[in-house]
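J.: structure here, sequence nowhere to be found:
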């Protein structure tokens, strides 16, 4: 890049092409090497995460074999432990979180990009970013001391009215309010509020990029605002919607503190998410790390490895889907 | 975003007044005829008296009907159920009322508009609700001066709010965040410089890995530091280990934000600098980084706002204590999120009030860093603030008889 030296004899008659070569100065070599080593070091950190989790988890994985995935009990002292019930609980809470975050996030993203008055748009975008920056411990406080109390009656109502013909919503002792506390349902809704800003901001970003010409075309043909959104904004933003849902799921699966403070841990397959008791990988790690040693700790590291791989796959897929709809990287807060 | 032309910007705004003015030169003959009034404007948005009327009547009707059914006819109760039923009734009534003057498409449009607006309000309401709830529950603890300069080390969990405080937690947070800034800011910005200035095949790989890194669950970051530093290298749990765990979440935030900012630096500036015969390093140091400075500060502040409230990585590696520990390298160290977490799990009113008080402090810090990031990063790169303009004009102005301007 520096001081291009012109090689080759200057022969004006033969019209020979000038050959331009660059000889980087020592300064530049140092600069490129330094910045490259910084970039490589982030690669190394990511690699180390995987390697250290894998090394640490190896004894547990070797002992349990495939049973590590299929066993639902967690009894490291007895030699049988696995993450099946944890996986199921993680999935269940992720599902409830998406049930909250996706519809509201979709509507809120449409509101910000299409309906809100122009003067309100920027403050609303800032608000969503701020909401994403609020620490999850504060969501945990809110979920435990506010949301749980208000959701108990909702859970009971669903259980009473739908539990008779849908066993999914059935609860063992529907008369006692304590059988509805600390459930996958409540933890899932709270997690949904945590991932709501993530989902909203990705969808809004993609909606705002729907081409102006097509929008105006739809309006000029007499479409109502919803008609324009349905025929232009949503088709153009489809990949962003899918990507937003997946990134939201990725965050919901890894959410620790909110889930840990709300649920009461349990090591069974619960097919009754309204009932008290469930567990996720992340909250299980947070709950057990201090009392675990030896093979139990290896099991926790194995669970962490599975969670790491899961979120990695989901987020890579989401990244591919979203990047197909937008050029360049965007700020992720 | 701001350049997007939305339908309402066409229908409302200053153009409306221009309509008759533009008509005059074109329709000179027609314009003189008595039918001078232009055709009624098609409005695609905005608030009309009709819309207000429809909304108010649907609101009143649905309120009355739901109250009647809920409170007098059906033996059920519960605030949540009431509002859900009210909302459904409201939508139905809005559709019915709108159908008196509008066609089918417009009725659908209006109902969808109501639903979408509700989602927006829910989002705002959730954030406001969380902030207000935390502030209300925390205000008791915040009123005591000792809350800011004492620790909870030598008091019982049921001690009154006149004793104990978050001093140890604040010191811990300060030191841990400072260490993680010191580690991740140089690394993150250097990586961003590599991604945007050096480029190449490796840059693409690094970019996708950084994106993946931003999605690593924070508990996994904590677990990683735990298994590496504490299990493998036999270190004790300390504030330093906690700050390393925070780095795993901070590096991707700093890198992605900084890269976006560096990319916004106009290429012309780089080319102009290189054309003057500088090396690439000189270009980066003298042109690119100074131009992007406000954005880089934003990147750092957003990173701080992100990690200052991280609980789960700290939980695993910082150890548990309630004592004041100034030394981040040795011994367990408290931090604000950890303090909130420890106190909120005690089944005592005083402890929970302390948790909310510390949460308010945390929230204020996050909002402060976030607002600073927005204020400093609000300008596009290369645009100078008024103060910078004055300073530069002082430095580069031609000397006059009175001296420099």
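T.: Here it is on my side, so go on. Predicted, not measured: the structure shown is a model, and the values here were computed from it. Residues are numbered from 1 along each chain as shown, chains lettered A, B, ... in the order given.

J.: from here on, contacts and neighbour counts on C-alpha atoms
T.: Fine.

J.: first-to-last residue distance for stretch A:136-155?
T.: End-to-end distance of stretch A:136-155: 23 Å, with Cα to Cα, to the nearest Å as the criterion.

J.: can you pull the pLDDT of the closest residue to residue B:365 other than its chain neighbours?
T.: The shortest distance from residue B:365 to any non-neighbouring residue, by Cα to Cα, 6 or more residues apart in numbering or on different chains, is to residue B:305 (7.6 Å). You'll see residue B:305 listed with a pLDDT of 89.

J.: what about residue B:305, how many neighbours?
T.: Neighbour count of residue B:305, defined by other Cα atoms under 10 Å in any protein chain shown: 28.

J.: now residue B:172
T.: Per other Cα under 10 Å, the neighbour tally for residue B:172 reads 28.

J.: list the contacts for the residue nearest to residue B:365?
T.: When contacts are counted by Cα atoms under 8 Å, 6 or more residues apart in numbering or on different chains, residue B:305 is found next to A:133, B:365, B:366, B:367, B:369, B:370.

J.: narrow those residues to just the buried residues.
T.: A:133, B:365, B:366, B:367, B:369, B:370 (16 or more other Cα atoms under 10 Å in any protein chain shown).

J.: surely the first one is in contact with residue B:306?
T.: The reference is to residue A:133. Yes. Contact criterion Cα atoms under 8 Å: residue A:133 and residue B:306 qualify, at 5.8 Å.

J.: low-confidence regions, the chain specifically.
T.: Assuming you mean chain A. Where chain A drops to pLDDT under 70, the residues are A:1-14, A:174, A:324-333.

J.: meant chain B actually
T.: B:1-36, B:41-46, B:74-78, B:378-385, B:388, B:395-405.

J.: burial measure for the residue of the stretch 201-333 of chain A found nearest chain B, as a count.
T.: Using Cα to the nearest Cα, the closest approach of the stretch 201-333 of chain A to chain B is made by residue A:254 at 4.7 Å. Neighbouring residues of residue A:254 were enumerated by other Cα under 10 Å; the total is 27.

J.: contact partners for it?
T.: A:282, A:307, A:311, B:216, B:217, B:218, B:219.

J.: equivalent analysis for residue B:357, please.
T.: Counted by Cα under 8 Å, 6+ apart, residue B:357 has contacts B:135, B:137, B:138, B:139, B:140, B:141, B:142.

J.: inside helices: which ones of those?
T.: B:135, B:137, B:138, B:139, B:140, B:141, B:142 (DSSP state H).

J.: before we move on, which element is the closest residue to chain B within the stretch 101-250 of chain A in?
T.: At 4.2 Å from chain B, residue A:108 is the closest residue in the stretch 101-250 of chain A, using Cα to the nearest Cα. Element membership for residue A:108, per DSSP states H and E: helix A:84-110.

J.: would whichever helix or strand comes after that helix count as contacting chain B?
T.: Going down the chain from helix A:84-110, the next helix or strand is helix A:118-133, by DSSP H and E. Yes. Residues of helix A:118-133 contacting chain B under Cα under 8 Å from any Cα of the partner chain: A:127, A:130, A:131, A:133.

J.: is the following helix or strand past helix A:118-133 positioned near chain B?
T.: Proceeding N to C from helix A:118-133, the next assigned helix or strand is helix A:136-142, under DSSP H and E. Yes. Interface with chain B: helix A:136-142 contributes A:136, A:137, A:138, A:139, A:141, A:142 (Cα under 8 Å from any Cα).

J.: how close does the first one get to residue B:67?
T.: Going from residue A:136 to residue B:67 by Cα to Cα gives 37 Å.

J.: next: the fifth one.
T.: Here the criterion is Cα to Cα. By it, residue A:141 lies 33 Å from residue B:67.

J.: quick check: phi and psi on residue A:16?
T.: With angles defined as degrees, to the nearest 10, residue A:16 sits at phi -70, psi 140.

J.: how about stretch A:33-51: buried residues?
T.: A:35, A:36, A:37, A:38, A:39, A:40, A:42, A:43, A:46, A:49, A:50, A:51.

J.: hmm, who's touching it?
T.: Against stretch A:33-51 from outside (Cα under 8 Å, 6+ apart): A:305, A:308, B:187-188, B:190-195, B:203, B:206, B:209-210, B:213, B:221, B:224.

J.: now the buried members of those.
T.: The neighbour-count test (16+ other Cα under 10 Å) applied to these identifies A:305, A:308, B:187-188, B:190-195, B:203, B:206, B:209-210, B:213, B:221, B:224 as buried.

J.: of all the residues of helix A:118-133 next to chain B, which two lie farthest apart?
T.: A:127 and A:133 (9.7 Å; Cα to Cα).

J.: look at residue B:171 and give its secondary structure.
T.: Classification of residue B:171 using DSSP: H, G, I helix; E, B strand; the rest coil returns helix.

J.: show the contacting residues for it.
T.: By Cα under 8 Å, 6+ apart, the residues touching residue B:171 are B:324, B:325, B:326, B:335.

J.: just among these, which is most surrounded?
T.: residue B:335 (32 neighbours).

J.: tell me how far the nearest residue to that one once chain neighbours are set aside lies from residue B:339.
T.: Leaving aside its chain neighbours, residue B:335 sits nearest to residue B:169 (4.0 Å; criterion: Cα to Cα, 6+ apart). Noted for residue B:169: a distance of 6 Å to residue B:339, by Cα to Cα.

J.: now swap in residue B:112 and tell me
T.: Using Cα to Cα, residue B:112 is found at 45 Å from residue B:339.

J.: of the two, which one has the most company?
T.: The residue with more neighbours, out of residue B:112 and residue B:339 and counting by other Cα under 10 Å, is residue B:339; that gives 25 against 17.

J.: what's that one in contact with, if anything?
T.: Residue B:339 touches B:166, B:169, B:355, B:358, counting by Cα under 8 Å, 6+ apart.

J.: what's the farthest-apart pair in those residues?
T.: Once Cα to Cα is applied, these give B:169 and B:355 as the farthest pair, at 11.5 Å.

J.: wait, what's in contact with the residue in the stretch 301-405 of chain B that chain A sits nearest to?
T.: Per Cα to the nearest Cα, residue B:309 is where the stretch 301-405 of chain B lies closest to chain A, at 4.8 Å. Residue B:309 is in contact with A:134, A:135, A:136, A:137, B:336, B:337, B:362, B:366, counting by Cα under 8 Å, 6+ apart.

J.: the last one is in what secondary structure piece?
T.: Residue B:366 is part of helix B:349-377 when elements are defined by DSSP H and E.

J.: tilt between the helix or strand harbouring residue B:301 and helix B:349-377?
T.: Per DSSP H and E: residue B:301 is located in helix B:293-307. Orientation check (axes from the mean of the first three to the mean of the last three Cα atoms, to 10 degrees): helix B:293-307 against helix B:349-377 gives 160 degrees.

J.: need the buried ones among the contacts of residue B:305 in TSV with distance to residue B:57, can you?
T.: Compiled in TSV, the buried ones among the contacts of residue B:305 are given as follows (distance: Cα to Cα, whole Å):
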residue	distance to residue B:57
A:133	39
B:365	44
B:366	42
B:367	40
B:369	45
B:370	42
